[in-house]
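Novice: Could you work out the structure for the sequence below:
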Amino acid sequence: MANGYSTRNLLKASTVDVTANTTTTLTNNFPISSEDSKSLLVQATFSIVEETTAMTLVLQDSHDGGTTWATVTSSVIAATKAVQTLTFDTKANTGDGDYVVLEDTAGVKWAVAADKTGVSAAPTGAIWTAIAANKKTQANLSAATTAADVAAAFEAAFDGLAGFTSVITSDDTAANGTMTMTQIKGGLVDNVVTKNSNDSGDGTITAANSTPGAATLVYELENNMYAGSDTAIWPLARVIVTSGAGDTATATAVYVSRRY
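Specialist: Numbering: from 1, shown residues only. Model (predicted):
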């Protein structure tokens, strides 16, 4: 917590779901005493975050009993977008049926498997078979030779899945067998999975979670009249979150403390 503040809670709210394109009240309207009005700290913890356009946490006050609200201070909530790196080998060294599984921030699984002949059978591993049919496909490697060829075929296969490019961006511009997959929304995702056809091993495709997505975000809003820049809040206050398209989260443990 910010320096100089006690841990005394003046207000605490239960868990609230934040949905897209809304103004969500995280706390009920609460009265502010003359002491509390001069130096307050609001803290909110956000989890299960999916963020595209940036949510904003706002501390407001009202002079007329909640009819009119004015922003005292605010903070933009920006979740980290997960980045995962896939590295492919040459066609000759790639196992037929080796596959990759990616997850988006909504928890949906997407998968592509190597098809070296153009008519090879799909993988039989349990992880593959559990994925919805419209979220997986095979990459035709019949005309591939180099690792770059294999990566390009996998990129085309992933991007060809309906809805994939709206949640994950592929980047094979290096053209060297290495490809990055970047989530369009900030938030937490599972590690990328690579397996051979029957799940008896990890296969020949390697993967790294280059930038983990954010699981939990903690934000603080400070109104400190003593700093010479803010004004006293009076006599009613509330905490809200404004969200744009694609922004969702669960907000918990909102509280307000004051400096003694």
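
Novice: now Val108, nearest residue through space, not along the chain?
Specialist: Lys135 (6.5 Å; CB to CB, 6 or more residues apart in numbering). Where C-beta positions appear, they are placed from N, C-alpha and C, glycine not excepted.

Novice: Select the longest helix from this protein.
Specialist: Longest helix in the chain, counting residues (DSSP state H): helix 147-160.

Novice: packing partners for the helix or strand following that helix?
Specialist: Later in the chain than helix 147-160, the nearest helix or strand by DSSP states H and E is strand 168-171. Packing partners of strand 168-171 (3 or more CB pairs under 8 Å, 6 or more residues apart in numbering; DSSP states H and E): helix 147-160, strand 178-183.

Novice: Tell me if I'm right that the residue nearest to Val108 and Ala111 touch.
Specialist: Yes - using CB atoms under 8 Å, Lys135 and Ala111 qualify as a contacting pair, with a distance of 6.8 Å.

Novice: More neighbours: which of these two?
Specialist: The residue with more neighbours, out of Lys135 and Ala111, is Ala111; 25 against 17, by other CB atoms under 10 Å.

Novice: Export the strand or helix carrying that one to CSV, keeping only CA atoms.
Specialist: Secondary structure assignment for Ala111, by DSSP H and E: strand 109-115. The C-alpha trace of strand 109-115 is given here as CSV (Å, rounded to 0.1, in the frame of the first residue of the first chain):
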residue,chain,number,x,y,z
LYS,A,109,-8.2,-24.4,-27.2
TRP,A,110,-6.9,-24.2,-30.8
ALA,A,111,-4.7,-26.9,-32.4
VAL,A,112,-2.8,-27.7,-35.6
ALA,A,113,-1.1,-31.0,-36.5
ALA,A,114,1.6,-31.8,-39.0
ASP,A,115,0.3,-33.7,-42.1
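
Novice: In the sheet, which strands lie alongside it, parallel or antiparallel?
Specialist: Partners of strand 109-115 in the sheet, by DSSP bridges, are strand 99-103 (antiparallel), strand 136-140 (parallel).

Novice: what distance separates that strand from the middle of the whole chain?
Specialist: Between the centre of strand 109-115 and the centre of its host chain there is 22 Å, according to CA atoms, centre = their mean, to the nearest Å.

Novice: do the same with stretch 204-222
Specialist: 8 Å.

Novice: How about that stretch, which residues are buried there?
Specialist: Residues of stretch 204-222 classed as buried: Thr204, Ile205, Ala207, Gly213, Ala214, Leu217, Tyr219, Leu221, Glu222 (neighbour count, 16 or more other CB atoms under 10 Å).

Novice: Once you drop chain neighbours, what's closest to the fourth one?
Specialist: In this structure, Gly213 finds its nearest non-sequential neighbour in Ala82, 3.5 Å apart by CB to CB, 6+ apart.

Novice: and the one you found, how many neighbours does it have?
Specialist: Around Ala82 there are 27 other residues, counting by other CB under 10 Å.

Novice: Also His63?
Specialist: 13.

Novice: For it, give me phi and psi.
Specialist: phi -100, psi -10 (degrees, to the nearest 10).
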